[in-house]
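Novice: how would this look folded up:
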Amino acid sequence: LIINMASMAGHLPSPFMTSYAASKSAIVGFTRSLQTELRLAASPVRVCLVCPGFIDTPIMKLRGVEFPRWLRWIIRAPEPTACEIIRKALAGHDDIYPDFSGRLMKRLYRWAPGLTTCGSRLLLAQNLAELFGRAPIAISRKT
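Specialist: Residues are numbered from 1 along each chain as shown. Below is the predicted model:
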């Protein structure tokens, strides 16, 4: 059993987190392809794709953006999330969305992609200029 950890950022547009979203999208595509190849080869090896939503990890603080207090109820602790992933993987699930926020974002994006993208922008913008597209996105360069 192989468990590949992606993120809902691999399924949804994630403004201001493009490199993170690209890496998670790559994991989604790689896992789906590998799952198909293993099935075609009748391999006993299984691969699970895990796509959590908002989990209380350091990634949420990287941009210096505070998650809105009124939405903190949607953030899940890592430990119960890990237990859910293991339980579902051992039960034979190929795709695992271990928390409410991930399942909610997946459904919302399917039915209202524009609204979901606006919501992501609202959660991830550092200031009003970014929120309304009035500030250029800073690209860091190492010298």
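Novice: all helices of the chain, in order?
Specialist: For the chain, the helices defined by DSSP state H cover 18-40, 78-90, 100-111, 113-124, 128-131.
Novice: Residue 51: which of those is closest?
Specialist: helix 100-111 (5.7 Å; Cβ to Cβ). Just so you know, the C-beta spots here come from the backbone N, C-alpha and C atoms, and that holds for glycine as well.
Novice: Which neighbouring elements make contact with that closest one?
Specialist: Applying 3 or more Cβ pairs under 8 Å, 6 or more residues apart in numbering; DSSP states H and E, we find helix 100-111 packed against helix 113-124.
Novice: returning to that earlier point: so which of the helices of the chain gets nearest residue 61?
Specialist: Comparing the helices of the chain by Cβ to Cβ, helix 113-124 comes nearest, at 11.9 Å.
Novice: returning to that earlier point: tell me which of the helices of the chain lies nearest to residue 12.
Specialist: helix 100-111 (5.1 Å).
Novice: averaged over its residues, what pLDDT does that closest one have?
Specialist: Averaged across helix 100-111, pLDDT comes to 88.
Novice: Good, we can wrap up now.
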